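**Student:** compute the structure for the input listed below.
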Amino acid sequence: MRIESHQASFELAQQRLFHHQRQVIGEQKFARNPAGDNQQQHSAPFPKTEAEQSQSEDIASTDEDYRQILKKRLIELMSGRELEWYDPSQISNKNNQSESEPQSSQPEPGTRLLVREQTLDYQAYQLQFELQVQGKDGLSRAFSASMDWEQLNITERLTVMTAQQLKDPLVLNFDWQAVSFDGDTSFDLDGDGKTDALPTPRGNAGYLVKDINNNTRIDGPAELAGAKSGDAWADIRQMDSNGDGWLNSDDKSFEQLYWWQPGAGRQLFSLADLKVDGLLLQGADTQADIAPQGKDQARLRRSGAFIYQGNQLGLMQQFDFYI
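**Tutor:** Reported below is the predicted structural model:
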């Protein structure tokens with residue numbers, strides 16, 4: 001199908017309930033010797049504090065708080081009363097601001113803190129998509145689809161937190177359903193010569209790849225959309241040579257685009273062979289943290305659509321991955 005014109009609309013509703021607290025329960029101090037080597041000196045390895053000694057009581061109290069918060073939310077859902085809607089970026093900005101502000105109580109260099117984190121995180125989004133396409137063959141086609149996703153995690157863990165780098169590939173799912181992941185594949189995501197754990201999409205989902213050297217294999221992060229630039233959606237917009245809002249066979253770069261499932265090795269499948277008619281460059285911000293069983297896996301940033309086999313609708317989603 002060759003596309004003459006189109007009209008597309010995305011309607012997105014998001015909800016997030018987030019409760020998080022941290023408590024320092026121990027520390028380690030380090031000293032540097034004259035030779036410049038680091039030696040660990042401990043008065044005690046993460047010594048116990050009064051807070052730690054009463055940990056069981058604290059956990060019971062926190063669990064009860066979680067239950068009360070969850071009960072309150074469920075009552076609101078069942079009663080049909082208006083819910084509070086959260087912008088996830090506000091939470092992120094708030095966290096970033098609090099971490100960047102100088103604090104007089106910050107530990108001096110050489111001190112490592114053991115932190116207990118307790119988190120309740122409920123996220124949900126509903127995406128409604130409508131598309132009208134006028135083909136160059138004179139036929140018009142209408143597409144309509146909706147998708148619901150939700151996730152609840154209540155976690156408690158001990159951790160020494162470090163900054164994590166994010167990479168954001170683009171996933172094409174030939175099933176119209178939220179992308180999920182099953183296991184990891186070893187792949188050098190940041191080009192440092194060391195392999196990282198790249199989540200493997202489930203089902204009929206795979207990554208968008210630009211085969212730069214035309215060998216029908218993925219050779220590194222430069223060929224994985226978004227891995228080098230940090231913005232896969234911006235990458236594909238730059239490939240829209242005629243500016244019609246679609247990435248398709250009318251664009252020069254389209255013949256270099258492939259679909260890759262990491263679990264099947266490094267072999268690539270061209271979008272043309274998969275009968276992909278075009279990637280719609282319009283999308284919706286669907287901010288959500290993907291954390292099955294409370295383990296950070298990815299952050300969903302944006303969702304869109306593509307057409308294949310003339311009348312089928314596929315889901316396109318952009319993720320940040322923790323590596």
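
**Student:** per-residue pLDDT of Gln126, please?
**Tutor:** Looking at Gln126, its pLDDT is 91.

**Student:** tally of neighbours for it?
**Tutor:** As a burial measure, Gln126 scores 15 neighbours (other CB atoms under 10 Å). Bear in mind the C-beta positions are built from the backbone N, C-alpha and C, glycine included.

**Student:** partners of it in the sheet?
**Tutor:** Beta bridges link Gln126 to Ala13, Asp148, judged by DSSP bridges.

**Student:** now Thr185
**Tutor:** Leu198.

**Student:** contact partners for it?
**Tutor:** 197-200, 262-263 (CB atoms under 8 Å, 6 or more residues apart in numbering).

**Student:** distance check, Ala8 against Glu130.
**Tutor:** Per CB to CB, to the nearest Å, Ala8 is found 7 Å from Glu130.

**Student:** which of the two has more neighbours?
**Tutor:** More neighbours surround Ala8 than the other of Ala8 and Glu130, with 18 against 14 (other CB under 10 Å).

**Student:** could you list the low-pLDDT ranges of the stretch 101-250 of the chain?
**Tutor:** 101-115, 159-167 (pLDDT under 70).

**Student:** which residues in it form helices?
**Tutor:** In the stretch 101-250 of the chain, the helices defined using DSSP state H, counting those that start in this stretch lie at 232-238.

**Student:** any chance you could map the strands in it?
**Tutor:** Counting by DSSP state E, counting those that start in this stretch, the stretch 101-250 of the chain has these strands, from start to end: 111-135, 140-159, 166-167, 170-173, 181-187, 196-201, 205-210, 246-248.

**Student:** same list (those) but as TSV, adding distance to Ser303.
**Tutor:** Shown next, in TSV, are the strands of the stretch 101-250 of the chain (distance: least, CB to CB, whole Å):
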stretch	distance to Ser303
strand 111-135	6
strand 140-159	8
strand 166-167	18
strand 170-173	10
strand 181-187	16
strand 196-201	14
strand 205-210	13
strand 246-248	16
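
**Student:** that older thread, just the buried residues out of the contacts of Thr185, in ChimeraX syntax.
**Tutor:** Of the contacts of Thr185, the buried ones go into a single ChimeraX selection, burial set by 16 or more other CB atoms under 10 Å:
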select :198,199,200,262
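
**Student:** ok, of the contacts of Thr185, which one's closest to Ala284?
**Tutor:** Pro199 (21.7 Å; CB to CB).

**Student:** isn't the closest one right up against Gln297?
**Tutor:** Yes: assessed by CB atoms under 8 Å, Pro199 is found in contact with Gln297 at 6.1 Å.

**Student:** mind listing the shared neighbours of the two?
**Tutor:** Common neighbours of Pro199 and Gln297 (CB under 8 Å, 6+ apart) are 181, 321.

**Student:** on that earlier part again, which one of the strands of the stretch 101-250 of the chain lies nearest to Ile218?
**Tutor:** strand 205-210 (5.3 Å).

**Student:** which strands or helices does that closest one pack on?
**Tutor:** strand 170-173, helix 232-238, strand 257-260 (3 or more CB pairs under 8 Å, 6 or more residues apart in numbering; DSSP states H and E).

**Student:** residue contacts, the nearest residue to Trp149 once chain neighbours are set aside?
**Tutor:** Distances taken as CB to CB, 6 or more residues apart in numbering place Ala178 nearest to Trp149, at 4.4 Å, with adjacent residues excluded. By CB under 8 Å, 6+ apart, the contact set of Ala178 is 147, 149, 315, 317.

**Student:** ok, Val276 next?
**Tutor:** By CB under 8 Å, 6+ apart, the contact list for Val276 reads 172, 259, 306-308, 314.

**Student:** swap the cut-off to 7 Å and go again
**Tutor:** Neighbour list for Val276: 306, 308 [criterion: CB atoms under 7 Å, 6 or more residues apart in numbering].

**Student:** so it bridges to which residues?
**Tutor:** Tyr308.

**Student:** same check on Phe319?
**Tutor:** Leu300.

**Student:** ok, it touching Ala298?
**Tutor:** Yes: counting by CB atoms under 7 Å, Ala298 is a contact partner of Phe319 at 4.5 Å.

**Student:** surely Glu150 is in contact with Ala124?
**Tutor:** Yes: with contact defined as CB under 7 Å, Glu150 counts as touching Ala124 (3.9 Å).

**Student:** neighbour count: these two, which is higher?
**Tutor:** Ala124 (17 against 12).

**Student:** that one and Ser144, how far apart?
**Tutor:** Where Ser144 is concerned, Ala124 sits at a distance of 21 Å (CB to CB).
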